[in-house]
Each structure stands twice: as C-alpha cells, then as structure tokens.
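Participant: I'll drop the sequence and a predicted model, then ask my questions.
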Amino acid sequence: MATPSAGASKESENQGRSARKRRAIIDAATEIFLQKGYLATNMDEIAALAAVSKQTVYKNFPGKEALFVEIVSSVSTRAGDKVHNEMPDIAKGEDLPEYLERYAYRQLTVVLTPRVMQLRRLVIGEVGRFPELAKTLFDDGPRRAMAAIASLFERLADRGLLAIDDPAVAASQFNWLIMAEPLNRAMLLGDEAIPKPAELRRHAAAGVRTFLASYGKARTRKR
C-alpha cells in the first residue's frame, strides 16, 4: 500500500510531466504559427513537433483558436514581465535621466525582438477573423506597459523627481516617444530593420531628454 508521501510525490511528478507537455505544445505551436500563419497550421503538426499525441494537445487546448490565444497572451505577458517586473525602482541618489534611459532601452530591446514582432504581425493579419486576439495583445502589451509606467511616474512624482499632474497622460507620451519610430520601422520593414543596440540607446536618450523637458522637476509649470 502506497504511503501518503509516496502518493503526493507521484501526484507532483504527474503534474510536472503535464506542465512540461503543455509547455512543449505551446513552444511547438508558436514555431509553426510563426512559420506558416494561422490558417496553414494544423494540430497534427503541432503534436508531432511537441512529441505528444494529438489527444494530449486537445486535452490541454480545445482547439487551434484557444491555443493561439494562449500563445499571444503568454508571449505578451513574458515580455511585459521582463520590462516592468524585473526593473527595480530608482535608488536613492541615482541619476534620473540615466534611470529612465535604462528603462526605455529595456522596453525597446524586449519588445523589438523578432519573435514578438512576428507575433504582432501575425495577430494584425488575423484581427478581422479573431478580434479578441488583438484585444489580448493590446491588454497584455501596450495597455499593461502604460499602466506600469504611469505607476512608476506617480511614485517618482511623489518623491519629487518628476513634475506630473496626470501620470497616465505622461506614461502614454513617454511610451510613444520611446516606442513609436523603432516599432513602426520593425513592424513594417521586417526583422532586419530592427535598430542595433547603439542606435536604440541613442534613441532612448533622446526620448528621455524630450520627456524631461516637459516633466522634469526643474521646469516651470504654467497653471
């Protein structure tokens, strides 16, 4: 007769195996969707690449659409986590322009990766068929980014480092000062048009200078 600890260990092992299979399915599906597009992808190919049965694929995801939504959400969430959750708050005495430049550069390098760009293009191509995909990408991407930046700016304003009346407006302006030109270039011209790190650093620094000209604590605000 199995002991309670042995039963718990077996259950934990089964859960770990299931999680690995689910991860393998998502990774395989991501590769195939990005290579072939949504319509040309089928569940048999996904199962084969993931090295699982087709039944296992359907056990985890009821259909191709649900799997696609999961991929859009997971890729967007992981990218957002790298920018906003893993970036510490500014340290006491740390240079504000330098901190914001690092934040901006981190956002640029995380978003402007080939996989994220390919996924964005794929979602835009399917938005007429699956409008909820675009909403998922927007909610987990730009909307989440601007909410996180607004929260950051509110904290910086509370510490007297920025002069901000509306953190949400300031966040939107900062986000698009930093992201607009490189993102549009990469989206429309392809992965080879993604700027090199040195160019991204210069762009981030220029955007931060423009932002601080309006929101730096030294400016004189008109009431």
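Facilitator: Done, it's in.
Participant: any idea which element the most centrally placed residue in the chain lies in?
Facilitator: Nearest residue to the geometric centre of the chain (CA atoms, centre = their mean): Ala79, 2.9 Å. Remark: Ala79 resides in helix 64-80, with elements defined by DSSP states H and E.
Participant: How far away from the center of its chain is that helix?
Facilitator: 10 Å (CA atoms, centre = their mean, to the nearest Å).
Participant: got the buried residues for it?
Facilitator: Across helix 64-80, burial judged by 16 or more other CB atoms under 10 Å covers Lys64, Leu67, Phe68, Val69, Glu70, Ile71, Val72, Val75, Ser76, Thr77, Ala79, Gly80. In short, each C-beta sits where N, CA and C put it, glycine included.
Participant: Equivalent analysis for stretch 171-188, please.
Facilitator: Within stretch 171-188, the residues that qualify as buried by neighbour count (16+ other CB under 10 Å) are Ala171, Ser172, Gln173, Phe174, Asn175, Leu177, Ile178, Met179, Pro182, Leu183, Ala186.
Participant: Could you do stretch 98-115 as well?
Facilitator: Buried-residue list, stretch 98-115, by 16+ other CB under 10 Å: 99-113.
Participant: List of residues touching stretch 39-50?
Facilitator: Stretch 39-50 has contacts (CB atoms under 8 Å, 6 or more residues apart in numbering) with 21, 24-25, 27-29, 31-33, 53-54, 56-58, 64, 67.
Participant: quick revisit: can you pull the phi/psi pair for the residue nearest to the residue nearest to the centre of the chain when sequence neighbours are not counted?
Facilitator: Counting by CB to CB, 6 or more residues apart in numbering, Val110 is the residue found nearest to Ala79 once chain neighbours are left out, at 5.2 Å. Main-chain torsions, Val110, degrees, to the nearest 10: phi -80, psi -50.
Participant: domain assignment for this structure?
Facilitator: 1-61, 69-215 (automatic domain parsing).
Participant: most packed of those domains?
Facilitator: Among the domains of the chain, domain 69-215 has the highest mean neighbour count (mean count of other CB atoms under 10 Å), at a mean of 17.
Participant: First-to-last residue distance for it?
Facilitator: 38 Å (CA to CA, to the nearest Å).
Participant: Contact partners for the residue nearest to the centre of the chain?
Facilitator: Val110, Val111, Thr113, Val116, Gly141.
Participant: Same question for His203.
Facilitator: Counting by CB under 8 Å, 6+ apart, His203 has contacts Leu108, Ile178, Glu181, Pro182, Pro195.
Participant: Verify the stated contact: the residue nearest to Ala79 with His84.
Facilitator: No - shown here, Val110 and His84 do not form a contact pair, counting by CB atoms under 8 Å, at 9.6 Å.
Participant: For the contacts of stretch 39-50, work out which two are farthest apart.
Facilitator: Spanning the widest gap among the contacts of stretch 39-50 are Phe33 and Ser53, at 19.9 Å by CB to CB.
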